[in-house]
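K.L.:
curious how this folds, go ahead:
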Amino acid sequence: MHPDRSASLLRRGLLAVVLGSSAVLAGCSATPQPEPTSTGDPTPEITTLGETPGASASPSPSTEPAADISIPVRCEDIYSAAMLSVLESGNPPLNDPGVTMESTEIVEALEVLGSGVQTLRCSWGLPSSYGLATNVTIVDEAQARAVLESLPDRGFACEDLADGTVCRAQQSDGENSFGETHYLRANGWVSTRWINFGPQGYTEDIVATLWG
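P.N.:
Residues are numbered from 1 along each chain as shown. Below is the predicted model of the structure:
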């Protein structure tokens, strides 16, 4: 065969091989797939160290101090050490049997005290026109309401004190000063009547000691 013809045939064969290979490669290429569409960007979940994903943290319930009280066995235990010192030095003795003064002159309050309620009576001083008497008493809701409702009409001024209510009245006849203080909170009632002897902060000290 003539050399030029042989070369021409060789070039045609190589071209056919190249074209065939291109066709095969084209037939093996993957059909392009559409991009996935999103209906909205998901909000990433933020997890704090130590938390379980998806779990909501609930606050721990706060524990309120109990408002109810128990009456101490001894009168000395209703006072702070500082107030007890003032009383012992200022107007002894404690609970002299001759002192008959009640811790209130309000009829409704006396009725509660005389109804058999649990109470502790503490007096300071000798039988005279100088001293005080206090009752720490356990009352129910109806008894506490009866005491509180009886006070405003008797000239008592009431206000909030340490999550309870304190009511005070004071008078003077020119020679003597005397008065009453009542404090009620939850199941506790502190009533005090005094004559010419009312230490500053007396009721507040009992409240702080009993309710802490």
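K.L.:
pull the contacting residues for the nearest residue to R154 once chain neighbours are set aside.
P.N.:
In space, and not counting its chain neighbours, R154 is closest to I106: 6.0 Å by CB to CB, 6 or more residues apart in numbering. (Each C-beta comes from the backbone N, C-alpha and C, glycine too.) When contacts are counted by CB atoms under 8 Å, 6 or more residues apart in numbering, I106 touches V147, S150, L151, R154, E180.
K.L.:
now swap in R193 and tell me
P.N.:
Taking CB under 8 Å, 6+ apart, one finds M101, E102, S103, T104, E105, L132, A133, F178, G179, E180 in contact with R193.
K.L.:
can you select the buried ones among those for me in ChimeraX?
P.N.:
Typed into ChimeraX, the next command selects the buried ones out of those (criterion: 16 or more other CB atoms under 10 Å):
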select :101,102,103,104,132,133,178,179,180
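K.L.:
dump the contacts of R193 into JSON lines; add distance to C167 and pLDDT as well.
P.N.:
Shown next, in JSON lines, are those (distance: CB to CB, whole Å; pLDDT from 0 to 100):
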{"residue": "M101", "distance to C167": "19", "pLDDT": "97"}
{"residue": "E102", "distance to C167": "17", "pLDDT": "98"}
{"residue": "S103", "distance to C167": "13", "pLDDT": "98"}
{"residue": "T104", "distance to C167": "11", "pLDDT": "98"}
{"residue": "E105", "distance to C167": "14", "pLDDT": "97"}
{"residue": "L132", "distance to C167": "16", "pLDDT": "98"}
{"residue": "A133", "distance to C167": "17", "pLDDT": "98"}
{"residue": "F178", "distance to C167": "16", "pLDDT": "97"}
{"residue": "G179", "distance to C167": "11", "pLDDT": "98"}
{"residue": "E180", "distance to C167": "8", "pLDDT": "98"}
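K.L.:
return the subset of the contacts of R193 lying in strands.
P.N.:
Among the contacts of R193, the residues falling in strands (DSSP state E) are L132, A133, F178, G179, E180.
K.L.:
ok, of those residues, which one's closest to E111?
P.N.:
Taking CB to CB as the measure, E111 lies nearest E180 of the ones in strands among the contacts of R193, at 15.5 Å.
K.L.:
surely the closest one meets A157?
P.N.:
No. Contact criterion CB atoms under 8 Å: E180 and A157 do not qualify, at 11.5 Å.
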